[in-house]
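K.L.:
Got a predicted structure plus its sequence, pasted below:
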Amino acid sequence: MDAVVGQLGLVTQMAMSAPQGVLGVTAIAAVLCLEVPYRVAGIRVSDIGVMKCAKNTAAVLYRCAPEVLGVSMVLFLALLLRMRGDTEVMATVQEQQIWEQIKVEWPILMGADTLLNLQAMLRLLVLCFVAIRAEWGGRSPMSGMAALLFLAAAITRGTLNTQSLAYRLEGPLSLGGDLPIACEFASVPFFAALGFNGLRRAPVKAVVLVSGGLWFASHHYLNLAKDPSTDRLFLQAHVLEMLAAFAYVVRACSLMVGGGGENSEDARGLKVVEKSEWKGNVFVGFMHVLLTFQQALSAYYFLTAFEPHQSLVGSGRPFCVLTIANLLALGAFLCAAAVWAGGSVDLTGALPVEALIEAVQLDDAEVSTTELQGSEAATELLRAPETTPKAATQSKEVGTTDRQQATTEA
């Protein structure tokens, strides 16, 4: 009975806060739609027209229909799991008290681990619906060294989950910690397929990056598992993901400036598309948005939910490394999205309305001058037949005079 009352109270609270959430999202979306085109390309939405903007938005959503459907399904599944309520069973009374305090601090999400659970689900969605689809075009940033480092991070986190239960996620979305672990293991073959090319082209570079990340993270770790060899794996996974985000933004910038060669081939022998075609690929932009959003969840978690405490420190400064690494990864994904957005805008065609009006006036003036010159030429042609008979008569008179002189001499 208490569980039913709690669920009804949650539904009531969500219903009461829904108008505020919708209003806030609408205001933010309106500001972004009005300011981003003007700040990036000097284009005002009022000059383009609301109907044209709506048609373009519908066209983008139509081209990204599988991705939009996938995101909707993930969010709907997360909502269903959240509505199941609290299903966690703690082993001790102390753990149960801590869990009750967490639910009080996070009444809607029922624990901050919900953020990381949703991150794992969205990352798998990126691989299934976005990264592979963009990779078939030959110019996906989620390939090469970035995918290889993500693969190392996924393997490291999977090893951690098999050795200790201290780092397993909790909350209604975790299904006892099994759902995020399943998402991590499911992402391994995708990362392996996408990162094979990076390992084949630069094996030394890959070994140096992975080894350097593991070595650095081994000096900063927590003590939740009470085993340094196991606790190191948690920090190592996050440091490798930070390096993967750096490799991702480097790959994105390289593609935007034409790096990699327009006629090169990928690991499967597929022909790489031209840069102009890739810049207009909405699927790559969708991937940038999803990766930025899922990394924002992790950054917010370690900024607010994971409070530092000396008793949790095993060695070094693990809390600082976790926070800085996730913030740097978020900045890298934001930079990649900004580079793609800036490179996808045709600045030569984004002229202000005043310049377009002046150009039209100049074109009208040139057309008028051309028409005037054409009319003058036509007048001369019309006058030409009037002078032609006079010239013919004069030539006939000259010919007759010459014949008369010739007859007289004879």
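P.N.:
Perfect, thanks for sending it.
K.L.:
rest of the way, CA atoms for contacts and neighbours
P.N.:
Will do.
K.L.:
Do I have it right that Ala217 meets Leu235?
P.N.:
Yes: using CA atoms under 8 Å, Ala217 is in contact with Leu235, at 5.6 Å.
K.L.:
who has more neighbours, these two?
P.N.:
The neighbour count for Ala217 versus Leu235, taken as other CA atoms under 10 Å, is higher for Leu235 (27 against 23).
K.L.:
Can you mark which positions in the one helix or strand the more buried one maps to are buried?
P.N.:
For Leu235, the element it lies in under DSSP states H and E is helix 228-256. Neighbour-count burial for helix 228-256, counted by 16 or more other CA atoms under 10 Å, picks out 228, 230-253, 255-256.
K.L.:
now swap in stretch 183-201 and tell me
P.N.:
When burial is assessed from 16+ other CA under 10 Å, stretch 183-201 yields the following buried residues: 183-185, 187-188, 190-199.
K.L.:
Strands - which of those residues land there?
P.N.:
Helix and strand membership here follows DSSP state E; of the buried residues of stretch 183-201, not one is in strands.
K.L.:
with the residues you listed in mind, which one is nearest to Ala120?
P.N.:
Closest approach between those and Ala120, by CA to CA: Cys183, at 6.1 Å.
K.L.:
isn't the closest one right next to Ala120, touching?
P.N.:
Yes: counting by CA under 8 Å, Ala120 is a contact partner of Cys183 at 6.1 Å.
K.L.:
rounded to a whole number, what's the mean pLDDT of stretch 153-169?
P.N.:
Stretch 153-169 carries an average pLDDT of 90.
K.L.:
in the protein, which helix or strand is least confident?
P.N.:
helix 275-279 (a mean of 45; mean pLDDT, DSSP states H and E).
K.L.:
which strands and helices sit next to the helix or strand just after that helix?
P.N.:
Toward the C-terminus, helix 275-279 is succeeded by helix 282-300 as the next helix or strand (DSSP H and E). Using 3 or more CA pairs under 8 Å, 6 or more residues apart in numbering; DSSP states H and E, the elements in contact with helix 282-300 are helix 113-125, helix 132-135, helix 318-344.
K.L.:
Identify each buried residue in the longest one, please.
P.N.:
It refers to helix 318-344. Those would be 318-319, 321-341, 343-344, for helix 318-344 by 16+ other CA under 10 Å.
K.L.:
in the stretch 1-150 of the chain, which spans are helices?
P.N.:
Assigned by DSSP state H, counting those that start in this stretch, the stretch 1-150 of the chain shows helices spanning 2-41, 45-48, 50-63, 65-83, 93-105, 113-125, 132-135, 145-163.
K.L.:
Hey, what's the angle from the third one to helix 282-300? Just curious.
P.N.:
Between the axes of helix 50-63 and helix 282-300, defined by axes from the mean of the first three to the mean of the last three CA atoms, to 10 degrees, the angle is 80 degrees.
K.L.:
gap between the closest residue in space to Tyr167 that isn't next to it in sequence and Gly314?
P.N.:
Excluding the flanking residues, the one nearest Tyr167 by CA to CA, 6 or more residues apart in numbering is Asn161, at 6.9 Å. According to CA to CA, to the nearest Å, Asn161 stands 18 Å off from Gly314.
K.L.:
Tell me the secondary structure at Thr304.
P.N.:
helix (DSSP: H, G, I helix; E, B strand; the rest coil).
K.L.:
what number of residues lie near it?
P.N.:
11.
K.L.:
cool, Lys226 as well?
P.N.:
13.
K.L.:
Could you confirm it falls within a helix?
P.N.:
No: inclusion of Lys226 in a helix is not indicated when three-state DSSP is applied; the result is coil.
K.L.:
Torsion angles phi and psi at it?
P.N.:
phi 60, psi 20 (degrees, to the nearest 10).
K.L.:
wait, what's in contact with it?
P.N.:
Contacts for Lys226 (CA atoms under 8 Å, 6 or more residues apart in numbering) come out as none.
K.L.:
roughly how far apart are Phe319 and Phe302?
P.N.:
8 Å.
K.L.:
re the thing from before, does anything pack onto the helix holding Leu235? Which helices or strands?
P.N.:
For helix 228-256, the contact count by 3+ CA pairs under 8 Å, 6+ apart identifies helix 145-163, helix 203-217, strand 221-222, helix 275-279, helix 318-344 as packing neighbours.
K.L.:
can you rerun that using 10 Å?
P.N.:
When contacts are defined as 3 or more CA pairs under 10 Å, 6 or more residues apart in numbering; DSSP states H and E, helix 228-256 packs onto helix 145-163, helix 203-217, strand 221-222, helix 275-279, helix 282-300, strand 313-315, helix 318-344.
K.L.:
burial measure for Arg168, as a count.
P.N.:
So Arg168, with other CA under 10 Å, has 16 neighbours.
K.L.:
count of residues packed around the nearest residue to it once chain neighbours are set aside?
P.N.:
Excluding the flanking residues, the one nearest Arg168 by CA to CA, 6+ apart is Gly177, at 5.4 Å. When neighbours are counted by other CA under 10 Å, Gly177 registers 19.
K.L.:
what about Gly177, distance to Gln294?
P.N.:
18 Å.
K.L.:
Kindly report the same for Thr162.
P.N.:
24 Å.
K.L.:
The two - which one has more neighbours?
P.N.:
Using other CA under 10 Å as the criterion, Thr162 and Gln294 rank with Gln294 on top: 20 against 11.
K.L.:
isn't the more buried one right next to Thr114, touching?
P.N.:
No: using CA atoms under 10 Å, Gln294 makes no contact with Thr114, being 12.0 Å away.
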